[in-house]
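Asker: The sequence and its predicted three-dimensional model are supplied below.
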Amino acid sequence: MTTADDVRRLARTLPRSEEKLIRDRVKFRVGRIVFLSLSPDETLMGFGFPKEERAALVAAEPGKFLMPIPSDERYNWVRVRLAAIDEAEMRELVLESWRMAVPKRVAAAYFQEQEQLSAPSGRPSER
């Protein structure tokens, strides 16, 4: 089970990410683009996700994913129940949502740095 604190811990470390409290919701954004939000009770996480693919995602796992609220349906957005995902899945959802919001060069530099940090013996990965 993932908590809102787990989400915050990761989102705060991402380049250009800032946390804001907007109408009782914690939101993370890059500039003016919101890429992540937590419900007021911190049980749901909204995140950036391609509109064209969200119906299939929700249909595949309706106990885990939810469509956005009607006012957010025009955006690339979907929601997930935090209790239904583990930390690895949360990490993947947050990072992909963030990647959609930042310039490509910022995301590329971040992922390259992460890859180098995880390479054994400090050697760059041979990817």
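Answerer: That came through fine.
Asker: and residue 46, how many neighbours?
Answerer: Burial of residue 46, expressed as a neighbour count using other Cβ atoms under 10 Å, amounts to 23. The C-beta positions use only the backbone N, C-alpha and C, and glycine is treated the same way.
Asker: my read is it is in a strand, agree?
Answerer: Yes: the secondary structure assignment for residue 46 places it in a strand, going by DSSP: H, G, I helix; E, B strand; the rest coil.
Asker: Identify the residue nearest the geometric centre of this protein.
Answerer: Averaging the C-alpha coordinates of the chain gives a centre point, and the residue nearest to it by Cα atoms, centre = their mean is residue 94 (1.9 Å).
Asker: Helix or strand: which one has residue 106?
Answerer: helix 104-118 (DSSP states H and E).
Asker: just the CA coordinates of that helix, formatted as CSV?
Answerer: What follows is helix 104-118, C-alpha atoms only, in CSV (Å, rounded to 0.1, in the frame of the first residue of the first chain):
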residue,chain,number,x,y,z
LYS,A,104,12.2,16.6,-22.9
ARG,A,105,15.8,17.6,-22.1
VAL,A,106,15.0,18.0,-18.4
ALA,A,107,13.5,14.5,-18.3
ALA,A,108,16.3,13.0,-20.3
ALA,A,109,18.9,14.5,-18.0
TYR,A,110,17.1,13.3,-14.9
PHE,A,111,16.7,9.7,-16.2
GLN,A,112,20.3,9.6,-17.3
GLU,A,113,21.4,10.7,-13.9
GLN,A,114,19.2,8.1,-12.2
GLU,A,115,20.6,5.4,-14.5
GLN,A,116,24.2,6.4,-13.7
LEU,A,117,23.5,6.4,-9.9
SER,A,118,22.1,2.8,-10.2
